[in-house]
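> got a predicted structure here, sequence first:
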Amino acid sequence: MTDPRRILAMGGGGFTMEPDNPALDDYALSLTAAREPRVLFLPTASGDPTAQITSFYGRFGRTASATHLSLFRRHGSARSLAEIVLEQDVIYVGGGSMRNLLAIWSAHELDTLLIEAWTRGIVLVGLSAGAMCWFEGGITRSGGPPETLLGLGLLPGSFTVHADGEPERLPVWLAALRSGELPGGWAADDGVALLFHGTRMVRAVSSRPGTAALKADMVGGELVRHRIEPELLGSGPHSPLDAPVGDDIRELRDLRYGMRHR
C-alpha cells in the first residue's frame, strides 16, 4: 500500500514564478483524489503579500476550493488554526525567507499542525523556502549570502533550490555535505519538483525542458553525485532516476552551478 503521506518539493516554479505555465500546480492538484480539492495557501515566508495571494486565487480559484491563511492578519478570526489546516486536501507553501517562515510557524505552533496534516494524508506542497522547510536542512538566503539552516525534519536529508537560477547556493551546499554540517540530499533546478511518499523520493517532474535535479551523498569520505532526469510534465514516461554522473557531465554541471565563481 502506498504511504499516504505526500510532499511535493519544488526547486522553483508554480504560479509565483511561472504565471503562464500551470504544469506544476496542476500536478500538485492531481496528487489528491478529491473532485474539488480544498487548497490552502500559506504565504508566510514572504510576509503574506497581497500580490502573491491574488496570484494564488488567479491560478487555483477556478480549479479548486481555494483559501489562504495570513498569520500576519489573524485578528478577528473566529476559526482556530487547527480547524483551517486539518480540513484541507492540499497545503501549498510559498517561497521567501525560510528563517522567518520557521520562526513565525513556531510562534503560532503551526509547524506542529502541519506535521499532523502530513500524517493524516493531506498533501504538502512548497517551493523554495516552502520546499526546504520539510527537510532536515537547506541553503537559505534569508540573511543575504547563502547559508545552511535546519528545517522541520519531516523528510530525511537536505534540499537546496534554484540550482540553475541562483547557482551560488550549490557550492555552499556541497561544502556543507563534505563537512557534515548537512546530510546528503537533493538540489533542484527551477521548474523541477520531487515527490515523496512517506520519506522516500518516488518521482521527479519538471515544467521546463532542459532541467535536472542532483542527488549528493558522502560515501566513504567521498562526495558521490547522481544526476536525476525529471519527467517533463505532459511528455510521457520519464527517464530512470539517479543515473550516474560521468566526469564529462560532472564538469559541465560544476561550471553551470557556479564553481567558476569561487
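Yes, it's here.

> S142 versus G185, what's the distance?
19 Å (C-beta to C-beta, to the nearest Å). Where you see a C-beta, it was placed from the backbone N, CA and C, and this is true even at glycine.

> and G47, by the same measure?
For G47 relative to S142 (C-beta to C-beta), the value is 12 Å.

> spell out which residues are contacts of both of the two.
Jointly contacting G47 and S142 under the rule C-beta atoms under 8 Å, 6 or more residues apart in numbering are N100.

> what ranges in the chain fall below the confidence cut-off?
1, 75-76, 235-262 (pLDDT under 70).

> which stretches of the stretch 1-150 of the chain form strands?
Along the stretch 1-150 of the chain, the segments classed as strands by DSSP state E, counting those that start in this stretch run 6-10, 38-42, 65-68, 90-93, 123-127, 135-140, 147-150.

> distance between the following helix or strand past the last one and the chain's centre?
Reading on from strand 147-150 to the C-terminus, the next helix or strand found by DSSP states H and E is strand 155-160. Per C-alpha atoms, centre = their mean, to the nearest Å, the displacement of strand 155-160 from the mean C-alpha position of its chain is 10 Å.

> now the angle from strand 155-160 to strand 6-10?
Using axes from the mean of the first three to the mean of the last three C-alpha atoms, to 10 degrees, the direction of strand 155-160 lies 10 degrees away from that of strand 6-10.

> ok, and what's touching strand 155-160?
Strand 155-160 is contacted from outside by 7, 9, 131-132, 134-139, 151, 169-170, 173, 176-177, 182-188, 194, 196, 199, using C-beta under 8 Å, 6+ apart.

> span of stretch 164-174 from start to end?
With C-alpha to C-alpha, to the nearest Å as the measure, the first residue of stretch 164-174 is 15 Å from its last.

> ok so, going back, any chance of JSON lines for the strands of the stretch 1-150 of the chain, columns mean neighbour count and distance to S30?
Shown next, in JSON lines, are these (neighbours: other C-beta atoms under 10 Å; distance: least, C-beta to C-beta, whole Å):
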{"stretch": "strand 6-10", "mean neighbour count": "25", "distance to S30": "10"}
{"stretch": "strand 38-42", "mean neighbour count": "23", "distance to S30": "12"}
{"stretch": "strand 65-68", "mean neighbour count": "17", "distance to S30": "16"}
{"stretch": "strand 90-93", "mean neighbour count": "26", "distance to S30": "10"}
{"stretch": "strand 123-127", "mean neighbour count": "28", "distance to S30": "10"}
{"stretch": "strand 135-140", "mean neighbour count": "26", "distance to S30": "23"}
{"stretch": "strand 147-150", "mean neighbour count": "17", "distance to S30": "31"}
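
> out of the ones you listed, which is closest to T211?
strand 6-10 (11.3 Å; C-beta to C-beta).

> parallel or antiparallel, list what pairs with the closest one.
strand 123-127 (parallel), strand 192-197 (antiparallel) (DSSP bridges).

> may I have that strand as CSV, with CA atoms only?
What follows is strand 6-10, C-alpha atoms only, in CSV (Å, rounded to 0.1, in the frame of the first residue of the first chain):
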residue,chain,number,x,y,z
ARG,A,6,3.0,13.0,0.5
ILE,A,7,5.2,16.1,-0.1
LEU,A,8,5.9,17.8,-3.4
ALA,A,9,9.1,19.8,-3.1
MET,A,10,9.8,22.3,-5.9
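
> what's the angle between that strand and strand 135-140?
10 degrees.

> roughly how far out does strand 6-10 sit from the chain middle?
Relative to its chain's centre, strand 6-10 lies at 6 Å (C-alpha atoms, centre = their mean).

> swap in stretch 183-190?
When distances are taken as C-alpha atoms, centre = their mean, stretch 183-190 is centred 10 Å away from the chain's centroid.

> quick one: buried residues of that stretch?
By neighbour count on 16 or more other C-beta atoms under 10 Å, the buried set for stretch 183-190 is 184-190.
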